[in-house]
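Colleague: Sequence plus the predicted model coming up.
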Amino acid sequence: MDVLDVLKKHRSIRKFKPDAIEDHVLENIILAAQASASSSFIQACTIIRIKDVTKRKALRKLAGDQAYIEEAPEFLIFCADLSRSFRCCRHHNTTPVEGLTEQFIIATVDTAIVAQSTAIAAESLGLGICYIGAIRNDPFKTSELLELPDHTYPVFGMCIGYPDEDPEVKPRLPLDVFLKEDVYQDKNDFRDISSYDEDMLNYYKNRTKNKKQQSWSEQMAGILSKENRPFMKKFLTGRGFLKH
């Protein structure tokens with residue numbers, strides 16, 4: 001598939017056919033993702049492929065009982081990982097400076113880039129994906145289950161498989177809101193967002209599943225006016241991140 005079409009047609013897939021993804025197909029997807037850009041070439045991402053049925057069940061429970069975590073042919077967890085690079089320091093008899101906020105940003109950004117490359121590669125082959133941010137609902141137990149070392153944390157999971165549904169493409173923000181020129185200019189944003197709110201209301205009214213009546217701006221107001229996973233800072237500092 002043409003890469004621009006792949007990107008523009010992205011949908012989250014939550015229902016998959018039982019067909020397995022052949023190992024060589026998954027390997028090629030991961031190799032493509034591994035070729036992604038990396039800050040200072042640290043390559044601060046590790047992917048964990050979850051094949052164990054018991055672990056799938058446990059992760060499903062930790063992530064809000066989302067059935068597709070257990071049902072998808074493949075479930076990957078993308079981890080921001082500085083432990084490997086810190087081991088390199090010690091191997092060369094140097095002492096790493098640990099806990100810098102910049103290190104956390106580098107590792108998280110690297111991981112997000114790799115994951116998105118994974119998604120694009122998979123979708124280009126006719127597969128569907130769904131990100132699972134809810135593995136951070138209990139990052140302590142998730143990290144314990146995955147036996148993650150210090151300086152590593154689970155950023156999100158990803159279900160991958162052959163789609164057994166055909167959901168609509170969700171409208172995105174108007175380009176004038178999303179793309180600025182030279183400076184951040186937002187004086188006309190809410191005029192365009194109001195129009196977008198109408199588009200989203202129509203989308204939710206007409207889409208085939210999970211119908212709801214809520215505009216985008218209403219949804220943002222609901223999400224950002226309450227605490228969301230307030231334990232993350234304690235978790236991350238405990239893992240060796242965000243100390244400086």
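Modeller: Cool, the structure landed.

Colleague: so what pLDDT did Gln213 get?
Modeller: What the model reports as pLDDT for Gln213 is 86.

Colleague: Could you tell me the average pLDDT over stretch 164-174, please?
Modeller: 95.

Colleague: Tell me which residues are up against it.
Modeller: Contact with stretch 164-174 is made by 8-17, 178, 192-193, 195-196, 199-200, 203, 206-209, 216, as judged by C-beta atoms under 8 Å, 6 or more residues apart in numbering. (Glycine included, C-beta is placed from N, CA and C.)

Colleague: the longest helix in this structure is where?
Modeller: helix 101-124 (DSSP state H).

Colleague: and Cys159, what does it touch?
Modeller: 13-14, 16, 68-69, 72, 74-75, 129-130, 132.

Colleague: Leu62 is in contact with Lys141, correct?
Modeller: Yes. Here Lys141 lies in contact with Leu62, judged by C-beta atoms under 8 Å, at a distance of 5.8 Å.

Colleague: re the thing from before, of all pairs in the contacts of Cys159, which one spans the longest distance?
Modeller: Pairwise distances across these peak at 14.2 Å for Arg14 and Glu74 (criterion: C-beta to C-beta).

Colleague: how's the chain carved up into domains?
Modeller: 3-167+232-238, 175-220 (automatic domain parsing).

Colleague: hmm, back to that, only the buried subset of the contacts of Cys159, as a PyMOL command please.
Modeller: The PyMOL selection below is limited to those of those classed as buried (16 or more other C-beta atoms under 10 Å):
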select buried, resi 13+14+16+68+69+72+74+75+129+130+132
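
Colleague: just checking, which of the contacts of Cys159 belong to helices?
Modeller: 68-69.

Colleague: coming back round to it: just to be sure, which of the contacts of stretch 164-174 are found in helices?
Modeller: Here DSSP H is the test, and the contacts of stretch 164-174 give 8, 178, 192-193, 195-196, 199-200, 203, 206, 216 as lying in helices.
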